[in-house]
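Undergrad: below are the sequence and a predicted model for it; my questions follow.
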Amino acid sequence: MLEERENRSPTWQRFAEGHRRLTPPLSPSAGDVETARRAIAEAGPRVVLFGMTPALAGLGEDLTAFDHSQDVIDTVWPGDGAARRAVLADWLSLGEEVGRFDAALGDGALNSVGAALPEMMGVVARLLRPGGVAALRVFAAPEEPETPDDIRRDVLGGWTGNLHALRWRLGMALAADRPGRVLPVREIVAAFDALFPDRQMLAAATGWPRSEIDAVDLTRDADYALAFPPVSTFADLARRHFAEVRVVEAGGYPLAARCPTLLLRR
């Protein structure tokens, strides 16, 4: 049996409620989805999806999505059907009982396991048959980290990004000196408040709606951490388990250069 961990914490309830507001870079663009579709097109019918990403839920002939939060499944998942289903389970506990898959998909899944990133890369490999492929979009920090002050000057100086991209830039900057580049998500909100204490001024300077800016509070009390290593670290970890490792760059949205897709083959 799968080891199920039904997470109905306030953190994941708020995440589920706020998910529909997400835009790139926090959600995949049409180009990102097409990259994933092409990668798995010839792999075989059986696909595993790590997380509830609606844009990826229609890929493959037979897709099983795993997530540890029932709130996220209930709120975000577009619904089960003959060719797709959502299962409540802890990714790190998935074992032989789920079988082997021809392809694996994930959007930010590797980031979301925090310090368990090396272990998660092994899970992806273990669930794929020999020759199977994975298409995993990641959020990768620059090799030379920014400082929060650099980011503040950029934002107030006319940067054309959006709030979601700003959150990830801050997370990457703060994680730069942390072990494993792992950062508690609530620290992003604290840094945001310190850098931009006047939200009305920020709205005026950027043109962002105040409601969009206030959405940062959804993760104020988050009880999870994210990993923000550079793409070279993701690739090095992948080479421990996969025979082929390619990095496909993204484009067309704020921070796209830091949101590549790892294409991996067992």
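TA: Ah, there it is. As the structure is a computational prediction, the values presented were derived from the model and not from experiment.
Undergrad: which strand runs longest in the protein?
TA: If you go by DSSP state E, the chain has its longest strand at strand 128-137.
Undergrad: can you show me the CA trace of the following helix or strand past it as PDB?
TA: Per DSSP states H and E, the first helix or strand lying C-terminal to strand 128-137 is helix 148-156. Backbone C-alpha positions of helix 148-156 (Å, rounded to 0.1, in the frame of the first residue of the first chain) are rendered in PDB as follows:
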ATOM      1  CA  PRO A 148      18.200  41.600  -2.000                       C
ATOM      2  CA  ASP A 149      19.300  45.200  -2.400                       C
ATOM      3  CA  ASP A 150      20.200  44.500  -6.000                       C
ATOM      4  CA  ILE A 151      16.700  43.200  -6.600                       C
ATOM      5  CA  ARG A 152      15.000  46.200  -4.900                       C
ATOM      6  CA  ARG A 153      16.900  48.700  -7.000                       C
ATOM      7  CA  ASP A 154      16.000  46.700 -10.200                       C
ATOM      8  CA  VAL A 155      12.300  46.500  -9.300                       C
ATOM      9  CA  LEU A 156      12.000  50.200  -8.500                       C
END
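Undergrad: quick one: the helix or strand where residue 214 lies to chain centroid distance?
TA: Take DSSP H and E as the rule and residue 214 turns out to sit in helix 210-214. Distance of helix 210-214 from its chain centroid, counting by Cα atoms, centre = their mean, to the nearest Å, is 22 Å.
Undergrad: again with stretch 78-87
TA: Centroid displacement of stretch 78-87 relative to its chain, using Cα atoms, centre = their mean, is 21 Å.
Undergrad: so where is this protein shaky, pLDDT-wise?
TA: In the predicted model, the chain carries pLDDT under 70 at residues 1-21.
Undergrad: count of residues packed around the closest residue to residue 36 other than its chain neighbours?
TA: Leaving aside its chain neighbours, residue 36 sits nearest to residue 135 (4.0 Å; criterion: Cβ to Cβ, 6 or more residues apart in numbering). For glycine as for every other residue, the C-beta is placed from the backbone atoms N, C-alpha and C. When neighbours are defined as other Cβ atoms under 10 Å, residue 135 has 27 of them.
Undergrad: now for residue 78: which residues touch it?
TA: Residue 78 makes contact with 54, 57, according to Cβ atoms under 8 Å, 6 or more residues apart in numbering.
Undergrad: next: residue 55.
TA: Each residue near residue 55 by Cβ under 8 Å, 6+ apart is listed here: 27, 28, 32, 33, 107.
Undergrad: looking at this, it is in a helix?
TA: Yes - residue state for residue 55 (DSSP: H, G, I helix; E, B strand; the rest coil) corresponds to a helix.
Undergrad: cool, thanks, talk later.
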